[in-house]
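Colleague: What follows is a predicted structure for the sequence shown.
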Amino acid sequence: MPPYHIHYREEMQKVVKYVLDAYNTTHPTFLLEKVKHAENCYRGSMRGLHGHVQIEEYACFPLYQRVFPEVDIAFLWEDHEELHTSEEKVYDAFRKVTSSDDDSVVSREELMVLMKVIVDFDDQLMTHLGEEEEVVVPMSLTEKQIWF
């Protein structure tokens, strides 16, 4: 199956890497900077993902339901809602770590919580993207007249 969502996968890999770099930094001065870099990358990725989701929910999914009524894709909408909730948990974890401008108050425990929340979200997102590709891509490639 072609990886249609490759950029989202790559962006999340970067976010995880940047937080891990922050955790592993030996220079406390750069810790907060690295976490803020991860947060900026995450925010940018989520902005793009929100646009993608809007297209799916308002154009693609309704169309697929109309053309393929025998295929239940309601779980994809449900996944979007669950992902949105998880996305907010990531933002909350970032806020806890970046709420101070003083690197010395950022604890390893806070960074571990942030990493866990990000990895959980990443796992959830990657599962969803894979399921979407398994279900939606074949519909898109059908010989049925879908778009016109």
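Modeller: Now that the structure is in, tell me what you want to look at. The structure presented is a predicted model; accordingly, all values stated were derived computationally and were not measured.
Colleague: and the helix or strand where Val53 lies, what does it pack onto?
Modeller: In this assignment (DSSP states H and E), Val53 forms part of helix 28-55. Packing contacts for helix 28-55, counted by 3 or more CB pairs under 8 Å, 6 or more residues apart in numbering; DSSP states H and E, involve helix 6-24, helix 74-98, helix 108-140. From N, CA and C alone the C-beta is placed, and that goes for glycine too.
Colleague: nearest to Leu31, of those?
Modeller: helix 6-24 (5.2 Å; CB to CB).
Colleague: Can you give me the buried ones in the closest one?
Modeller: Tyr8, Glu11, Met12, Val15, Val16, Tyr18, Val19, Leu20, Ala22, Tyr23 (16 or more other CB atoms under 10 Å).
Colleague: Ok, stretch 138-148 next?
Modeller: Met139.
Colleague: So what touches that stretch?
Modeller: Leu63, Tyr64, Val67, Phe68, Val71 (CB atoms under 8 Å, 6 or more residues apart in numbering).
Colleague: related to what we said a few turns ago, for the buried residues of helix 6-24, which one is nearest Val35?
Modeller: For the buried residues of helix 6-24, the nearest to Val35 is Ala22 (4.7 Å; CB to CB).
Colleague: Just want the most central residue of this structure.
Modeller: Leu125 (5.2 Å; CA atoms, centre = their mean).
Colleague: who's in contact with that one?
Modeller: Here Leu125 is in contact with Tyr8, Met12, Leu83 (CB under 8 Å, 6+ apart).
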